[in-house]
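> Here is my input; please provide its structure:
(one chain, ligands or ions: 1)
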Amino acid sequence: MKLYELAMTPSARRVNIFLNEMGIELDRQSLNLRAGDNLSDEFKALSVNGRIPVLELDDGQTLCESIAICRYFDELIPSEHSLFGRSALEKAQVEMWHRICELQGLLVAFQAFRNITKVYQDRERCVEAWGEESRQRVIEFLPTLEKQLSEHPFVAGQHFSVADITAYVMMSFIKHLEIAPDDTQVNLGKWLATMEQRPSILAVNG
Ligand SMILES: N[C@@H](CCC(=O)N[C@@H](CS)C(=O)NCC(=O)O)C(=O)O
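Residues are numbered from 1 along each chain as shown. This next block holds a predicted model:
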């Protein structure tokens, strides 16, 4: 198997934290996204969404979308400590919080970053006002996380899960938008500090 990625990017970080949690090593190929390595016909043949990460299986089939890749390994190597949850209720809570963090947090932060910095203006139309609006929406999402973390040790409840991975990657990424927990978001700040001590996260932070 081979993982096509760019280790510093948020989507690759999500997969790499997950793989570190599971103790999985893979062959890797790094792409230079800004130079447009992912825009080639050769790469587009591997990646339905034309982005990294992409997992290429030994039989040549490929998977893109970071959480689909994580789910593949979760099913391939079953564990009683699945990061996608254990009981029916816990699986649904992980799914719920994961979708909340992804749809209201990480993907909105991507829109903010891409439209404000215009980093990929060679391949997409950038709307600065949309970037600023998205940045504001990320700020307005943080109280949801603060409330949840004031009542539970982890984002989806009692156990570390893929929802913590996405929330952590979002929180580390929004530093580029000059967003951080404010003085009232103490529980979010404490959770962030705890996440930064996890070996799987220390390893991607280098
Ligand atoms: N929803 C996708 C997002 C993938 C994505 O946006 N990857 C970025 C890096 S974080 C990328 O490849 N950007 C290059 C481009 O947009 O051309 C996932 O979770 O895998």
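
> from here on, contacts and neighbour counts on C-alpha atoms
Fine.

> Close to the ligand: what parts of this structure are there?
9-11, 33, 51-53, 65-66 (CA under 6 Å from any ligand atom).

> Could I get the pLDDT score of P78?
According to the prediction, P78 has pLDDT 89.

> number of nearby residues for it?
P78: 9 surrounding residues under other CA atoms under 10 Å.

> on contacts alone, who are the packing partners of the lengthiest helix in the chain?
For the chain, the helix with the greatest residue count under DSSP state H is helix 128-151. Helices and strands touching helix 128-151, by 3 or more CA pairs under 8 Å, 6 or more residues apart in numbering; DSSP states H and E, are helix 107-117, helix 186-195.

> from what I can see D58 touches M1, true?
Yes. Look at D58 against M1 with CA atoms under 8 Å: they come within range, at 5.1 Å.

> Looking at the two, which is more packed in?
Set D58 next to M1 and count neighbours by other CA under 10 Å: M1 wins out with 14 against 9.

> Can you give me every residue that contacts that one?
For M1, the contact set (CA atoms under 8 Å, 6 or more residues apart in numbering) comprises 26-27, 55-58.

> Tell me where this structure has strands.
Applying DSSP state E to the chain gives strands spanning 2-5, 27-30, 54-56, 62-64.

> Single out the most deeply packed of those strands.
Greatest average neighbour count among those goes to strand 54-56 (a mean of 25), per mean count of other CA atoms under 10 Å.

> which other residues reach it?
The contact list for strand 54-56 (CA under 8 Å, 6+ apart) reads 1-5, 46-47, 62-66, 69.

> And those, which is closest to R123?
Lowest distance from R123 to the contacts of strand 54-56 (CA to CA) belongs to S47, with 16.3 Å.

> With adjacent residues omitted, what lies nearest to that closest one?
Sequence neighbours aside, C64 is the residue nearest to S47 in space, at 5.8 Å (criterion: CA to CA, 6 or more residues apart in numbering).

> pLDDT value on the one you found, please?
pLDDT, C64: 98.

> And the one 4 residues further on, by the same measure?
Among the per-residue scores, A68 holds a pLDDT of 98.

> can you list the domain ranges for this protein.
Listed domain ranges for the chain are 2-76, 88-205 (source: automatic domain parsing).

> Many thanks, we can stop here.
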